Every structure is written in C-alpha cells, then in structure tokens.
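Novice: Provided below are the primary sequence and the corresponding predicted coordinates.
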Amino acid sequence: MSSAVPVDLRAPWSRVAKSDANTMWRDFQPRVTPASAADQTLIHSFLVSIFQQPSLAEFHAQTEDSLYEWTDRLLVKRGSQIVSHLRLTKHEMQFEDLHLPFAGVHDLATLPEYRQRGCATELLQAADAQMAAEGADFGLLRTQRPEWFAKRGWVVCGRHSYSEAGARDILSKLNDHQVRRSDTWVMEEVTQPSLSIRLWRHFEEAALYRLYEENTVGTYGPLVRNEAYWRWLISRRGYDRIYVAIDGPDKLELDEELKPIVGYAVVKDGRILELMTSAEYPQAAAQLMERACGDAIERDHHPVRLDAPRDHPLHQMLVEAGGQFHGGLAAHNMVWMAKLQEPIKLLRRLAPLFHRRAKQAQMSLPLELGIQCDDEKFRIVLSRRTARIERGKLGRSYLCMQRKQLAQLLLGHLNVAEAMDPERLTASTRVAAETAQRLFPATSQWFPPLDGVPT
C-alpha cells in the first residue's frame, strides 16, 4: 500500500512516538474507584464506544433497578477519562428451596490503548472484595474469554438450554394435533378446550408473578423475583411483547383470585425468552408457541428460538420439527463462569439441603464428609436431626480439590463419578466418593435470559 509519508521520515517518527508512549505509561498505575452519578454521561459514552450499546433507554433502566447503586460500577480513570469499567448486580438464585445471594458481573471493558496494563485485573480484584463485603456467596458472569477469567479464579459453571427450528416447520408439527404426555408425543384428537391467546395487559402483573413462582420453585438457577424487581423488569421492556393464555373467554377480569391466566410467553425478535404455564394446562405451552410462530412469520423472523429448562417438552417438539437443541457449555462462544467467595459461607447455607438429601437417599446417619480445598479444610457433619459445617477438620473420609472444583461441586455443575481424576477431584475412601455422589448431585441449571443477568 502506498503512503504519503516519505520513507526517510518514518524511522525518526517511530522512535519519537515510542519514547512518548514510554513516558506516558511510566506514570500510569491502574487504581479502582467507585462511580458516582456525576460519571453517568462518561460511562454511557465509554460503553457505547466499546460495545456499541447499551441504548440510552437501557442505560437509564439499569440505574432504576431498586437495588442499584452507582458504587456498583467500578472504574479505572486517568484524569477525568474512563479507561476501564465493570458493573455488579445483586441477586438471589433459586436453588431447590434455598435462595443463594450472588453477584452478576457485567460490562468489563478497557480502552484498546490501555489494555495489557492490568486494568481489568484490578477491577476484578476490587469486584471480588465488594461482592464478599456485600454478602454474595459467589459471582456469575458470561464471557467469550474463559481462559482469561480462569487464570483469575473463575471456572465454567452452567450449561445453555435452548432449541431452534423454522417457524413454519413448528406450525406444521403443531397442526398435526400432537399432544405431549409424559416423555413421548402421541397422535390423538385434542380433547382439551382451546385457550384464548392474546397480548398481556399491565394490570395482570400478578398473574406473571404467580406463574413464574409456580414454575421456578424447587429448581436451580432462576432468579428470585420480588414485586419490585418484576415491576422494574416489565418497565425495562427487554422484550417486544408478552402473550398470555386464558382459560375461558377473553374478557377483562380484575379479580386475580379467579386465576384465568394459565400461561405466558415473553417474546423478542422471534426468540421466546420465557415461557411459563400452569401444570394443570399443559396445552398452553403449545398454543403460546403457535402464536409466537405466527407473529415470527409476519415479522420475517426465522428461525424461532425457545429458551427453556432442559426438560421442557417443547424442546423435543422443535427437534422433531427439524430443529436442534443446544445444551452444551458454549453457545456462540459464550460460556457461563462462577467464582466462589468464601467457601464456608456457602457450605453453611447449603447444610440443610445436605441433610435433606441424605435423608431422601436413606443414608445411615450420623455421617461425616471432609473437604480439602487448596489449603482449607472443612467437614460436613450430619446427625439425625441437624447439620453443621466445621472448619479446620477433615476426618477419615474426605474429598480433595481446588476452589474452582468446589464451586462446581456445590453449585451442581459436577458429576462426581465422572469428575474423579487426580487433577480435579479425589476421594480418600470409597465411602467418601459414594457420600459425595448423594450429597452433591449434578443439577439441571437454567438461567432465564429475560433477566439479562449477565447481560
């Protein structure tokens, strides 16, 4: 490529530029400071320059979350210029019948000219300290750079769960009058009455709360949503439309005690972000899917994507319609990662769950299981009526692992039998291995994308 710069001027210019750069970086040491409301314009401009998002409306919506504080954004500055940024969010995760406090990590970014200077590492270290101080048991993020985060203590934790198929193929399958029963699809005449499907109305918020609660209680991964959070989620409008399924004629009904709404689907750009139905109306899911596919065709959105737990029956239907189910660790090069804060805190929070699992497995009580995690020692002690966690003790039967593997074990990501390996997880005795398989079963985690956590 030709250049307007004479050849004999390039070398001197290069040396001068390099000398100026060295002088500039000699005085730069990344220091983390919490953001304030005065930084909001600069923060938004910075994020748009890196990610080409969020929109101004989305940025303001983030600040309107009832738990949001400006100090949840951590910055590295040089003078008044923002050179690196990270955002934390506070949540609770449904984990069987427990609510686990955790922090979402989002929007970690550094200006190109300031990369490889330790800015992002400093931000993550400050975020760790802030998460621990605010009571989070662990951090959770989604990234395309798992190797970089792994070097800083994060570990892959969680799988994707969605299926895709052509909208017309799905409608063709639905029009065959196939009805889902137990684990198979069978051909039969539809005997259950068709439900009314229409757009949701704002005064029907309580129906969404109820259906979400019914579908997520006892599961692993969904956020615990209180009414304030639901109001924020709806006002944020991270969706195109919400459809509801109604048992009976479509009419205004202000008395939610009658519970006429038996399902809902949240849709955006041909993607069903969330689909929840009453257990008494299994046909609602297919009818909501049918409406979403019809609208997708009108709007030229192909294919249709369904985000739902791994065991949702509609995944099989989409596969039979010629689609594909995606349930791996990575999707579009994005993976979920977690980092444990203080192991003793999460162990003690999970102690009642360990006790219940032992009883359900009809294990002989009392029992003990030690955990050697790096240089720390813990012991789970289960009696017939109580459970406790002791620090600094192991006992005869124990597991050995690094903190990364402990995070995967406690959050249900590991299959204990498959993970047994000298480099990952070892057991001192056969009893320890068998006990671990019962106390730490692999769980089917699912993180509903409607929350945008992580974004």
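Specialist: Now that the structure is in, tell me what you want to look at. Numbers count the residues shown, from 1 in each chain.
Novice: for Arg142, give the beta-bridge partners.
Specialist: Assessed by DSSP bridges, Arg142 has beta-bridge partners Trp336.
Novice: that one - how many residues pack around it?
Specialist: For Arg142, the count of nearby residues is 19 (other C-beta atoms under 10 Å). Yep, even glycine has a C-beta here, placed from its N, CA and C like the rest.
Novice: so it makes contact with Met334?
Specialist: Yes: using C-beta atoms under 8 Å, Arg142 is in contact with Met334, at 5.4 Å.
Novice: other residues contacting stretch 288-304?
Specialist: 164-168, 170-171, 174, 197, 241, 243, 245, 263-265, 267, 269-272, 275, 277, 306, 314, 317-318, 323 (C-beta atoms under 8 Å, 6 or more residues apart in numbering).
Novice: now, of these, which are buried?
Specialist: Buried positions within these, assessed by neighbour count (16 or more other C-beta atoms under 10 Å), are 164-167, 170-171, 174, 197, 243, 245, 263-265, 267, 270-272, 275, 277, 306, 314, 317-318, 323.
Novice: please name the nearest non-neighbouring residue to Leu394.
Specialist: Ranked by C-beta to C-beta, 6 or more residues apart in numbering and with sequence neighbours excluded, the top spatial neighbour of Leu394 is Gly370, at 3.4 Å.
Novice: repeat for Ala432
Specialist: Leaving aside its sequence neighbours, Ala432 sits nearest to Ser397 (C-beta to C-beta, 6+ apart; 3.8 Å).
Novice: didn't the one you found look like it was pressed against Leu439?
Specialist: No: Ser397 is beyond contact range of Leu439, at 11.7 Å (criterion: C-beta under 8 Å).
Novice: hey, what's in contact with both of the two?
Specialist: With C-beta under 8 Å, 6+ apart, Ser397 and Leu439 have common neighbours Leu369.
Novice: what about the chain, any weak spots by pLDDT?
Specialist: 1-26, 177-193, 249-259, 453-455 (pLDDT under 70).
Novice: care to break it down by domain?
Specialist: Per automatic domain parsing, the domain ranges recorded for the chain read 21-156, 162-327, 342-439.
Novice: and the longest one, end to end?
Specialist: Read it as domain 162-327. In domain 162-327, first residue to last residue: 7 Å (C-alpha to C-alpha, to the nearest Å).
Novice: likewise stretch 144-163?
Specialist: Across stretch 144-163, first to last residue, C-alpha to C-alpha, it's 21 Å.
Novice: now do the contacts for Val48.
Specialist: Pro54.
Novice: let's verify it: helix, strand, or coil?
Specialist: Under DSSP: H, G, I helix; E, B strand; the rest coil, Val48 falls in the helix class.
Novice: re earlier: if I look at the residue nearest to Leu394, how far off is Ala358?
Specialist: 15 Å (C-beta to C-beta, to the nearest Å).
Novice: next, the buried residues of stretch 224-232.
Specialist: Within stretch 224-232, the residues that qualify as buried are Val224, Arg225, Tyr229, Trp232, counting by 16+ other C-beta under 10 Å.
Novice: my bad, should have said stretch 73-82
Specialist: For stretch 73-82, the neighbour count (16+ other C-beta under 10 Å) marks Arg73, Leu74, Leu75, Val76, Lys77, Arg78, Ile82 as buried.
Novice: ok, Phe95 - how many residues close by?
Specialist: Look at Phe95: counted by other C-beta under 10 Å, it has 25 neighbours.
Novice: one more: Glu418?
Specialist: Neighbours of Glu418 (other C-beta under 10 Å): 10.
Novice: tell me how far it lies from Phe102.
Specialist: Taken as C-beta to C-beta, the span from Glu418 to Phe102 is 25 Å.
Novice: tell me the contacts of the residue lying closest to Ala37 once chain neighbours are set aside?
Specialist: Among residues not flanking Ala37 along the chain, Trp70 sits closest, at 5.4 Å (C-beta to C-beta, 6+ apart). Shown in contact with Trp70 (C-beta under 8 Å, 6+ apart): Pro34, Ala35, Ser36, Ala37, Asp39, Gln40, Thr63.
Novice: how about Gly270?
Specialist: Ala167, Ala292, Ala296, Arg299, His301, His302, Pro303, Val304, Arg305.
Novice: for Ala427, same thing?
Specialist: Ser397, Tyr398, Leu399, Cys400, Met420, Ala433, Ala436.
Novice: what about 6 Å?
Specialist: Leu399, Ala433 (C-beta atoms under 6 Å, 6 or more residues apart in numbering).
Novice: now do the contacts for Ala351.
Specialist: The neighbours of Ala351, taking C-beta under 6 Å, 6+ apart as the test, are Ala387, Ile389.
Novice: doesn't it fall inside a helix?
Specialist: Yes: counting by three-state DSSP, Ala351 is found in a helix.
Novice: make 25 the first number, not 1, from now on.
Specialist: Done: numbering now begins at 25, and the last item shifts to Ala375.
Novice: select only the buried ones of the contacts of Gly294 in PyMOL?
Specialist: To isolate the buried members of the contacts of Gly294 in PyMOL, using 16+ other C-beta under 10 Å:
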select buried, resi 191+316+320+325+327+328+329
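Novice: among the contacts of Gly294, which pair sits farthest apart?
Specialist: Of all pairs drawn from the contacts of Gly294, the greatest distance, 13.7 Å, lies between Arg323 and Arg329 (C-beta to C-beta).
Novice: what about the closest residue to Leu147 other than its chain neighbours, distance to Glu137?
Specialist: With C-beta to C-beta, 6+ apart as the criterion, Leu147 has its nearest non-adjacent residue at 4.3 Å, and that residue is Leu110. Distance, Leu110 to Glu137, using C-beta to C-beta: 18 Å.
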